[in-house]
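Participant: coordinates for the following, if possible.
(2 chains)
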Number of protein chains: 2
Amino acid sequence: MECFTPRQKLWLEYGGRLVMSDYRVRLLELVAESGSLAHAASELGLSYRRAWGKVKEMEANLGLALVQSEVGGAGGGHTTLTPEGHQLVQAYRRYQARMEEAMQRAFAEELSGLNAPGLPAPSFEARTPPS
Amino acid sequence: MECFTPRQKLWLEYGGRLVMSDYRVRLLELVAESGSLAHAASELGLSYRRAWGKVKEMEANLGLALVQSEVGGAGGGHTTLTPEGHQLVQAYRRYQARMEEAMQRAFAEELSGLNAPGLPAPSFEARTPPS
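Facilitator: Numbering: from 1, shown residues only, chains lettered A, B, ... in the order given. A predicted model of the protein is given here:
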């Protein structure tokens, strides 16, 4: 059976500039999990250049470093989140989880009554454009 | 002073197809207010053809008529929302208002502590791309 599904896209601006979004938090989380921006980019199907551009843009708009790297060593370097990066990712994830809950609740209370339109589909092709 | 601002975009799908959004509800509301799809389209800077396409797409995806027209008369016709159109617009507006409240509350509780980053902006241009 077909049904209504509520969707939302969330993001955060700082001084009017984009600093976090559902997509960007995933990128940072993948950096934290894998220790590599190259790996995180690949997971999201992004070029390395594009992923690094997104990180730099967030950092420039925030005025904060979100990732830090340690060059060299056996594995050829390692990238982690800064303490501020970790804090922002964790806070944004809590925010997202609350918004997902809020959406399901608001949908259930305001829109779920619409789940059975119950009317036959009119023939749209035959309709005259209105004034 | 610059500060963080939470943003959201909401929409509704039915059987995986787009049937309502923040933009589309405004279009229908303008039809209800003005009695004219042409007027509503113009208010939103849309061509008449594009506005009518959006209404038809919503109707086709829902299997419901959302607008109805009365042809002729002194004013050259009049467009209104069907009862189902009114019901959907009102329910979606209540849903949006609840989500706006939820966003401000979740933001205040999870993210407003970030409003004073307090760190000097690092020099991003000089940074080496990480691994």
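Participant: contacts, neighbours, all on C-alpha from now
Facilitator: Will do.
Participant: wait, what's in contact with the residue nearest to A:Gly85 when sequence neighbours are not counted?
Facilitator: Nearest non-adjacent residue to A:Gly85, counting by Cα to Cα, 6 or more residues apart in numbering or on different chains: A:Leu66, 4.1 Å away. A:Leu66 makes contacts with A:Val55, A:Glu59, A:Leu81, A:Thr82, A:Pro83, A:Glu84, A:Gly85, A:His86, as judged by Cα atoms under 8 Å, 6 or more residues apart in numbering or on different chains.
Participant: mind redoing it with 7 Å?
Facilitator: By Cα atoms under 7 Å, 6 or more residues apart in numbering or on different chains, the residues touching A:Leu66 are A:Glu59, A:Leu81, A:Thr82, A:Glu84, A:Gly85.
Participant: quick check: phi and psi on the closest residue to the fourth one other than its chain neighbours?
Facilitator: In this structure, A:Glu84 finds its nearest non-sequential neighbour in A:Leu66, 6.2 Å apart by Cα to Cα, 6+ apart. When quoted as degrees, to the nearest 10, the phi and psi of A:Leu66 stand at phi -110, psi -30.
Participant: mind checking how far A:Leu66 is from A:Tyr48?
Facilitator: Applying Cα to Cα, to the nearest Å, the value for A:Leu66 to A:Tyr48 is 17 Å.
Participant: contact partners for A:Phe4?
Facilitator: A:Asn115, B:Leu12, B:Glu13, B:Tyr14, B:Gly15.
Participant: going by distance to A:Met20, which of those wins?
Facilitator: B:Leu12 (23.1 Å; Cα to Cα).
Participant: adjacent strands (with direction) for the helix or strand hosting the closest one?
Facilitator: Assigned by DSSP states H and E, B:Leu12 belongs to strand B:4-14. Paired with strand B:4-14 in the same sheet, following DSSP bridges, are strand A:4-14 (antiparallel), strand B:17-21 (antiparallel).
Participant: closest one to A:Ala108 among these?
Facilitator: Taking these one by one with Cα to Cα, strand A:4-14 is closest: 9.6 Å.
Participant: still on that earlier bit, select, out of the strands paired with strand B:4-14, the one closest to A:Ala106.
Facilitator: The closest of the strands paired with strand B:4-14 to A:Ala106 is strand A:4-14. By Cα to Cα, the value is 9.5 Å.
Participant: distance from the chain centre to the closest one, please.
Facilitator: 8 Å (Cα atoms, centre = their mean, to the nearest Å).
Participant: rounded mean pLDDT for that strand, please.
Facilitator: Averaging pLDDT along strand A:4-14 yields 95.
Participant: buried sites along that strand?
Facilitator: Residues of strand A:4-14 classed as buried: A:Phe4, A:Thr5, A:Pro6, A:Arg7, A:Leu10, A:Trp11, A:Leu12, A:Glu13, A:Tyr14 (neighbour count, 16 or more other Cα atoms under 10 Å in any protein chain shown).
Participant: just give the closest residue to the residue nearest to the spatial centre of chain A, not the sequence neighbours.
Facilitator: Among the residues of chain A, the one closest to the centroid is A:Asp22, at 0.9 Å (Cα atoms, centre = their mean). Excluding the flanking residues, the one nearest A:Asp22 by Cα to Cα, 6+ apart is A:Leu10, at 6.2 Å.
Participant: so how far is A:Ser69 from that neighbour?
Facilitator: Counting by Cα to Cα, the gap from A:Leu10 to A:Ser69 is 28 Å.
Participant: now the residue nearest to A:Gly85: how far from A:Leu88?
Facilitator: A:Leu66 is 9 Å from A:Leu88, by Cα to Cα.
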